[in-house]
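Engineer: Starting from these lines, generate the structure:
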Amino acid sequence: MPLQIGDLVEFEGARWLVSQQHRGVRTVILRQLDGKSLEIANDLATCKVIAHLPNWPFLTLPNKTSPLTEITITRGQKTSVLKPMHAWVPAEPLHNGGCVYFNPKLDLRPGEVLAAKHANGSMTRVNVTKTFGTLRRKVAIEEAKKPSVPQTRYDHLLMEDDDA
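Structural biologist: Numbering: from 1, shown residues only. So this is what the prediction gives:
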């Protein structure tokens with residue numbers, strides 16, 4: 001199966017993010033957190049897909065002057081450092097903030113607080129909000145909020161009666 005933008009893959013013993021796709025020549029560009037990039041064939045057998053990131057829950061971090069280097073979580077009295085490209089993956093490794101995907105196995109819950117450390121030493125406090133979830137879940141919630149479309153030309157008359 002060809003690689004897609006947003007896939008987290010394992011290639012040559014390291015984890016990479018598929019960040020660009022060149023359909024004309026059937027190649028993809030892989031990126032790591034340190035900025036290293038690599039162009040490979042789209043259907044390379046030695047490249048194993050770990051996850052498709054839009055299926056993972058995400059949070060949006062504010063833009064800072066330097067990239068993320070570490071994210072920690074405190075649960076109870078225990079503070080754990082989350083492993084990059086395993087527990088968390090930025091949507092775009094070259095940007096200094098924005099969308100960060102989290103492995104669903106972390107089981108992050110609303111109300112938990114993460115601490116994000118940047119390369120320049122600054123810290124960002126990240127709250128897991130009530131709306132924390134996957135992109136598909138958020139789209140489904142928005143679709144449910146939209147009013148239903150009338151099915152026949154008479155349905156709009158029935159809807160107007162309900163408002164009166």
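Engineer: So, low pLDDT: which residues of this structure?
Structural biologist: Of all residues in the chain, those with pLDDT under 70 make up the ranges 1, 134-141, 148-151, 153-164.
Engineer: and the residue nearest the centre of the chain, what does it touch?
Structural biologist: The residue lying closest to the centre of the chain (Cα atoms, centre = their mean) is residue 101, at 3.1 Å. With contacts defined as Cβ atoms under 8 Å, 6 or more residues apart in numbering, residue 101 is in contact with 53, 56, 57, 58, 88, 89, 90, 91. Where you see a C-beta, it was placed from the backbone N, CA and C, and this is true even at glycine.
Engineer: Now render those as a markdown table, adding secondary structure and distance to residue 119.
Structural biologist: Below are the contacts of residue 101 laid out as a markdown table (DSSP: H, G, I helix; E, B strand; the rest coil; distance: Cβ to Cβ, whole Å):
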| residue | secondary structure | distance to residue 119 |
| --- | --- | --- |
| 53 | helix | 22 |
| 56 | coil | 23 |
| 57 | coil | 25 |
| 58 | strand | 21 |
| 88 | strand | 15 |
| 89 | strand | 17 |
| 90 | strand | 13 |
| 91 | coil | 18 |
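Engineer: In those residues, find the pair that's most separated.
Structural biologist: Within the contacts of residue 101, 57 and 90 form the most distant pair, 14.1 Å apart (Cβ to Cβ).
Engineer: Pick the one among the contacts of residue 101 closest to residue 130.
Structural biologist: Using Cβ to Cβ, the shortest approach to residue 130 within these belongs to residue 57, at 12.4 Å.
Engineer: This protein: helices as residue ranges?
Structural biologist: For the chain, the helices defined by DSSP state H occupy 135-145, 155-163.
Engineer: Give me the distance between residue 48 and residue 146.
Structural biologist: 39 Å (Cβ to Cβ, to the nearest Å).
Engineer: who has more neighbours, these two?
Structural biologist: Between residue 48 and residue 146, residue 48 has the larger neighbour count (other Cβ atoms under 10 Å), namely 10 against 7.
Engineer: so who does residue 90 touch?
Structural biologist: 17, 33, 67, 68, 98, 99, 100, 101.
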